[in-house]
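Asks: The amino acid sequence is not available; the structure is as follows:
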């Protein structure tokens, strides 16, 4: 079966989804298939087969525990029936009965990622990869989770090892291109994208990634040519339309970009990446209610999408006023839920800190969140300087851990200030644009949205 997760990554972002108008997701995986072993029990664990090249070294595993396989089969069926909690429980039983049952660890990792527990997911997928290093599904899932945790360099390193041993694994190599670009290794990303095209000529995904890599180098003409080739190769490719939209954003065409993202969403209704990007464009335009609609649509498809939850919290935060004070409480509740699932989520840490500091006027509550963000965020995160400024402001105000009294409510009809815009992202960040960011859409474009 295929779970409805997940198109991020970076983005993703992804890539990390701080409320930052210049963070646009470029490639998040649409979903992973759970292994469903209904053949003889020896077909799981040590007897599982993978499409590995003759030169790859396979791992010899002992025969699978029949009880563990049974629990795994029940767990996959429970997931298929929408019983996620029961599925998680059964899969945890399976790996406790047979720690070498890599299929169960993979399935558990996928479900944990769907539930927003990225740290737990990475642990299970990393174990599955060690047990069965020839599985492209495992390698790709692990890399995608690492990208979603802002571990782009680690994602690239893992995929580098895999594609070296499996040179014809096109899906893994394509994601390797994404991870290289996101980690700032642009020239290497371009070289690997060309390797994909050698093996799969005119592949729209590879052409789109090659386009974005040239865009990251500031080579807009080459990027535009490649984006056009991607669309010519596959007019109904959501990836190609997303890449074209990001190129439009880089050229200041937010309305054109929005149209491309919308096309991608129409082509693939489960394409949450495009809706994430649409939401960011709308947030930057100050169209908070419209952005809220996009994020809620994503959550209808994938209720635990942390990127959409953080985006929704930003939209609620931006649209709060004296007539709708409950929006701030809902935003806080959403971000706390994300952190309950994954206390290391830097996007939620930063956004909740901003909510407390700038909107609820509680710097003492914001300070520990920014402190945690600084301990978790990559050294090259473009938001580290903002977090440090917030920390300095909290210290200057004497915040020591006790909550400061909340500021009085704004006068009737007053709008809360818009969420602060951070400095431009690192040059290698997906979808990086000019330092001023995409200009807000005009009124006519707003009506179309």
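Replies: Happy to help now that I have it. Computed from a predicted model, the values in this text were never measured in an experiment.

Asks: just the helices in the stretch 251-400 of the chain please.
Replies: For the stretch 251-400 of the chain, the helices defined by DSSP state H, counting those that start in this stretch occupy 254-267, 272-285, 288-301, 306-318, 326-341, 346-354, 363-376, 384-396.

Asks: ok, and what's touching the shortest one?
Replies: Outside of helix 346-354, the residues that reach it under the criterion Cβ atoms under 8 Å, 6 or more residues apart in numbering are 16-19, 150, 306-307, 309-310, 313-314, 317, 332, 335-336, 338-339, 342, 366-367, 369-370, 372-373, 376-377, 381, 383, 386-387, 390, 419-420. In this view, the C-beta of every residue, glycine as well, is placed from N, C-alpha and C.

Asks: if we can go back for a sec, any chance of the helices of the stretch 251-400 of the chain in TSV, plus distance to residue 101?
Replies: Listed next are the helices of the stretch 251-400 of the chain as TSV, based on distance: least, Cβ to Cβ, whole Å:
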stretch	distance to residue 101
helix 254-267	37
helix 272-285	30
helix 288-301	30
helix 306-318	28
helix 326-341	25
helix 346-354	32
helix 363-376	31
helix 384-396	40
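
Asks: Which of these sits closest to residue 107?
Replies: helix 326-341 (18.5 Å; Cβ to Cβ).

Asks: list the buried ones in the closest one?
Replies: For helix 326-341, a neighbour-count test (16 or more other Cβ atoms under 10 Å) marks 327, 328, 331, 332, 334, 335, 338, 339, 341 as buried.

Asks: contacts for that helix?
Replies: Contact partners of helix 326-341, identified using Cβ under 8 Å, 6+ apart, comprise 115-117, 304, 306, 309-310, 312-314, 316-317, 319-320, 345, 347-349, 351-352, 355, 359-360, 416.

Asks: Filter these down to the buried ones.
Replies: Of the contacts of helix 326-341, these count as buried by 16+ other Cβ under 10 Å: 115-117, 304, 306, 309-310, 312-314, 316-317, 319-320, 345, 347-349, 351-352, 355, 359-360, 416.

Asks: What distance do you get for residue 309 to residue 341?
Replies: Distance, residue 309 to residue 341, using Cβ to Cβ, to the nearest Å: 9 Å.

Asks: Repeat that for residue 232.
Replies: Separation of residue 232 from residue 341 (Cβ to Cβ): 42 Å.

Asks: for residue 355, same thing?
Replies: Separation of residue 355 from residue 341 (Cβ to Cβ) stands at 18 Å.

Asks: same check, this time on residue 161
Replies: Residue 161 sits 29 Å away from residue 341, taking Cβ to Cβ as the criterion.

Asks: cool, and residue 236?
Replies: 34 Å.

Asks: Same check on residue 201?
Replies: 42 Å.

Asks: Also residue 258?
Replies: With Cβ to Cβ as the criterion, residue 258 and residue 341 are 30 Å apart.

Asks: Residue 100 too?
Replies: For residue 100, the distance to residue 341 - Cβ to Cβ - is 28 Å.

Asks: circling back: show me which of the buried residues of helix 326-341 has the smallest pLDDT value.
Replies: On pLDDT alone, residue 341 ranks lowest of those, at 86.

Asks: In the stretch 251-400 of the chain, where is pLDDT below threshold?
Replies: Along the stretch 251-400 of the chain, the parts satisfying pLDDT under 70 run over 398-400.

Asks: Let's see that with 80 instead.
Replies: Scanning the stretch 251-400 of the chain for pLDDT under 80 picks out 270-271, 304, 380, 397-400.

Asks: What segments of the stretch 1-150 of the chain are strands?
Replies: 9-10, 13-14 (DSSP state E, counting those that start in this stretch).

Asks: Do me a favour and average the pLDDT over the last one.
Replies: Averaged across strand 13-14, the pLDDT comes to 30.

Asks: same check, this time on stretch 161-177
Replies: pLDDT averaged over stretch 161-177 gives 95.

Asks: next one: stretch 95-106
Replies: What stretch 95-106 shows for mean pLDDT is 95.

Asks: Enumerate every residue touching the residue lying closest to residue 388 once chain neighbours are set aside.
Replies: Spatial nearest neighbour of residue 388, chain neighbours left out: residue 374 (7.0 Å); criterion: Cβ to Cβ, 6 or more residues apart in numbering. Counting by Cβ under 8 Å, 6+ apart, residue 374 touches 384, 387, 388, 391.

Asks: does the second one really touch residue 372, like I thought?
Replies: No. Residue 387 sits out of contact with residue 372 when judged by Cβ atoms under 8 Å, with a separation of 9.5 Å.

Asks: If you count neighbours, what's buried in stretch 144-157?
Replies: 144-156.

Asks: go on, stretch 259-276?
Replies: Buried residues in stretch 259-276 (16+ other Cβ under 10 Å): 259-265, 267-268, 270-276.

Asks: now swap in stretch 105-121 and tell me
Replies: 105-118, 120-121.

Asks: Out of those, which comes closest to residue 289?
Replies: residue 116 (25.1 Å).
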